[in-house]
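> Got a sequence here, can you build the structure:
(chains A, B, C and D)
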2 protein chains.
Amino acid sequence: MIQKTNRMYLVEQVASQIEQLIESGHWPVGEKIPPEMKLMKQFDVSRNTLREAIRALVHAGLLETKQGSGTIVRSSNPLGATLKRYIKRSALLETLDVRLALEKQAAQLAAEHRNETDLSTLEACIQSSREAAENGNYEQFIASDIRFHQTIVQASSNQLLIDLYEPMVKIVYSFVQDLMAMDAPFKYEEELHLELFMAIQNQDKVAAASYIEDYMKVLRENIMRIKED
Amino acid sequence: MIQKTNRMYLVEQVASQIEQLIESGHWPVGEKIPPEMKLMKQFDVSRNTLREAIRALVHAGLLETKQGSGTIVRSSNPLGATLKRYIKRSALLETLDVRLALEKQAAQLAAEHRNETDLSTLEACIQSSREAAENGNYEQFIASDIRFHQTIVQASSNQLLIDLYEPMVKIVYSFVQDLMAMDAPFKYEEELHLELFMAIQNQDKVAAASYIEDYMKVLRENIMRIKED
DNA sequence: CCGCATTTGTTCGTATGTATC
DNA sequence: GGATACATACGAACAAATGCG
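Here you go, the predicted structure:
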């Protein structure tokens, strides 16, 4: 069986090199990459070739170009941007179902694999939520909430799960952030977080999955209630 | 609050138009799109601009260019290509966990929403599997198997779930297709499929989720066993 | 096998719009 | 406002691969 040569064109070579520079953190998220002129010399390609490579990564959501200013790194997760764009076109309720599926699995895995660092991060999030609720700091509350859930997913130690979950939870919150008020349901949410934390601490998979289900049920009801207005 | 103008550059305009032509099926998968010269006139842009747009879609996996021949449509699902590329680099066991999460949720939703068409398709898959097993037709068996699981996910009526699941199940099978032999576990799989089908038919969410868990457990054990060789 | 047209790959040059100092 | 740096866009040309007669 002869392998076909499958030639790699210049543009793809440049694109994957840039991609790797981003994923490896050599070009950190939020910072500018060198201007086209320098990159042309660095990769030893023409302007159009370089631009095609950059454009491909812009479309993929890894880069963002600003005329007159430069090109900045927007994300280091190739999956994130595509997923976000896709999810934005999807129905919110569909997204919630998928989020439930992923987070439930994550919670079970987290209950198995969690280490001390995970637990202390979760505790810090709960503490931060509580403070935010007392001070009426809505933004901090949301931020802590997101961090809490993302920590659970990260504790699953499943990178694919982590990368899929990240855009999902952010989209969900971007839908509801301007709508939800800080009222009773959030108090309930606080209790749920605490119980969920203890389940993970005790490595109780069944309870962890169950609490995630409860949480998503409450979230779904809140969203439905708000949507009626 | 002033909204930033968020100007849409030519390349992005052209890219999203082409994307839509692909997604709408106007340019079917597998067929060639018009050559650059015609597209330049059609979109009224220069060659470089058009090429940057095409290159973005090539990188995203929607198109494939061949020097001297032309450009063909490779996929109509923007999520599929990116996910496949990503999953291929992931660990198989991580992918299995995510697949479990998605299919479990899908089975529960399918139990709720399934219609008569879904049920008859599932029955046909089971029948096809049985025939394939009797005739020792391994390829047909695998194909029926994939179709069975995809039908369940499609019966969930959740498009996001469907699009996420598709690349996942295909990658899993591409990992194992050359490894697994048609032996005892497949018999067990057949029984599981039948029980799963009945659970969905009876709209028994709990049982459906439970059988998916069993199925994935068996699949995982088989994979682990094969890997040891 | 050869020659030729078609089509994509790559490079260079030039002009313009935009942001930053 | 002016100068500079940078991305945007167009046009022309040649190279390389493919396909056809």
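> ok, and for the worst-scoring helix or strand of chain A on mean pLDDT, which residues are buried?
Using mean pLDDT, DSSP states H and E, helix A:184-201 stands out as the lowest-scoring helix or strand of chain A, at a mean of 81. By neighbour count, with 16 or more other C-beta atoms under 10 Å in any protein chain shown as the criterion, the buried positions of helix A:184-201 are A:186, A:189-190, A:192-197, A:199-200. The way it works is simple: take the backbone N, C-alpha and C, and place the C-beta from them, glycine included.
> Isn't A:Glu213 up against A:Ala101?
No: contact status for A:Glu213 versus A:Ala101: not in contact, 10.5 Å apart, counting by C-beta atoms under 8 Å.
> higher neighbour count, those two?
For A:Glu213 and A:Ala101, the more surrounded residue by other C-beta atoms under 10 Å in any protein chain shown is A:Ala101, and the numbers stand at 26 against 14.
> Need the nearest residue in space to that one, chain neighbours excluded.
Taking C-beta to C-beta, 6 or more residues apart in numbering or on different chains, and ignoring the residues beside it in sequence, A:Ala101 has B:Gln105 as its nearest neighbour in space, at 3.5 Å.
> Tell me how far the one you found lies from DNA strand D.
B:Gln105 sits 40 Å away from DNA strand D, going by C-beta to the nearest atom of the strand, to the nearest Å.
> That residue: neighbour count?
For B:Gln105, the tally of surrounding residues (other C-beta under 10 Å) stands at 25.
> so what's it up against?
For B:Gln105, the contacting residues are A:97-98, A:100-101, A:104, B:156, B:161, taking C-beta atoms under 8 Å, 6 or more residues apart in numbering or on different chains as the criterion.
> For B:Cys125, state which of these is nearest.
Using C-beta to C-beta, B:Ser156 comes nearest to B:Cys125 of the contacts of B:Gln105, at 16.0 Å.
> thinking again about what came up before, turn the buried residues of helix A:184-201 into TSV, including distance to B:Ala110.
Below are these laid out as TSV (distance: C-beta to C-beta, whole Å):
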residue	distance to B:Ala110
A:Phe186	33
A:Glu189	29
A:Glu190	34
A:Leu192	28
A:His193	31
A:Leu194	34
A:Glu195	30
A:Leu196	27
A:Phe197	32
A:Ala199	28
A:Ile200	29
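> hang on, the earlier thing: what is the nearest of the contacts of B:Gln105 to B:Pro167?
Among those, B:Leu161 lies closest to B:Pro167 (C-beta to C-beta), at 12.4 Å.
> Where does the closest one sit, in terms of helix or strand?
Of the helices and strands defined by DSSP states H and E, B:Leu161 is found in helix B:159-176.
> re earlier: helices or strands up against the least confident helix or strand of chain A?
Based on contacts counted as 3 or more C-beta pairs under 8 Å, 6 or more residues apart in numbering or on different chains; DSSP states H and E, the elements that helix A:184-201 packs against are helix A:92-113, helix A:116-135, helix A:138-155, helix A:205-228.
> List the buried residues of the first one.
This points to helix A:92-113. A:94-111.
> What residues does the residue nearest to A:Asn202 when sequence neighbours are not counted make contact with?
Distance criterion C-beta to C-beta, 6+ apart; nearest residue to A:Asn202, sequence neighbours excluded, is A:Ala111 at 7.9 Å. Going by C-beta under 8 Å, 6+ apart, A:Ala111 touches A:199-200, A:202-205, A:208.
> Let me have the contacts of B:Gln105 in TSV, adding pLDDT as columns.
Listed next are these as TSV, based on pLDDT from 0 to 100:
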residue	pLDDT
A:Asp97	95
A:Val98	96
A:Leu100	95
A:Ala101	96
A:Lys104	95
B:Ser156	96
B:Leu161	95
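> Which two among those residues are spaced furthest apart?
The widest separation within these, taken as C-beta to C-beta, falls between A:Lys104 and B:Ser156 and amounts to 15.2 Å.
> Walk me through the regions of chain A where pLDDT falls short of the threshold, as ranges.
A:1-7, A:177-187, A:227-229 (pLDDT under 70).
> Quick check on whichever residue of it sits closest to DNA strand C: phi, psi?
Of all residues in chain A, A:Gly68 sits closest to DNA strand C, at 2.1 Å by C-beta to the nearest atom of the strand. In this entry, A:Gly68 is assigned phi and psi values of phi 90, psi -20 (degrees, to the nearest 10).
> Closest to the centroid, which residue in chain A?
A:Glu166 (1.9 Å; C-alpha atoms, centre = their mean).
> That one touches A:Ala81, doesn't it?
No: in this structure, A:Glu166 sits apart from A:Ala81 without contact. The criterion is C-beta under 8 Å, and the distance is 10.9 Å.
> so who does the residue nearest to A:Glu123 when sequence neighbours are not counted touch?
What sits nearest to A:Glu123 in space, not counting adjacent residues and going by C-beta to C-beta, 6+ apart, is A:Phe197, at 7.0 Å. When contacts are counted by C-beta under 8 Å, 6+ apart, A:Phe197 touches A:119, A:122-123, A:126.
> Over to A:Ala106?
A:152-153, A:155-156, A:158, A:161, A:165, B:101 are the contacts of A:Ala106 under C-beta under 8 Å, 6+ apart.
> if we can go back for a sec, the residue nearest to the centre of chain A - nearest residue in space that isn't next to it in sequence?
Nearest residue to A:Glu166, sequence neighbours excluded (C-beta to C-beta, 6+ apart): A:Gly80, at 6.1 Å.
> Next, the buried residues of the helix or strand containing the one you found.
Element membership of A:Gly80 [criterion: DSSP H and E] is helix A:78-89. If you call a residue buried by 16+ other C-beta under 10 Å, then helix A:78-89 has these buried ones: A:78-87.
> Tell me the one of those residues nearest DNA strand D?
So of those, ranked by how close each gets to DNA strand D (C-beta to the nearest atom of the strand), first place is A:Ala81, at 16.2 Å.
> close enough to count as contact, A:Arg55 and B:Thr49?
No: the pair A:Arg55 / B:Thr49 is not scored as a contact, 9.6 Å apart, by C-beta under 8 Å.
> Find residues that contact each of those two.
Common contact partners of A:Arg55 and B:Thr49 (C-beta under 8 Å, 6+ apart): B:Val11.
> which of these two has more neighbours?
A:Arg55 (26 against 20).
> tell me the phi and psi of the more buried one?
Backbone phi and psi, for A:Arg55 under degrees, to the nearest 10, turn out to be phi -60, psi -40.
> which one is it nearest to, not counting chain neighbours?
Spatial nearest neighbour of A:Arg55, excluding adjacent residues (C-beta to C-beta, 6+ apart): B:Glu52 at 4.2 Å.
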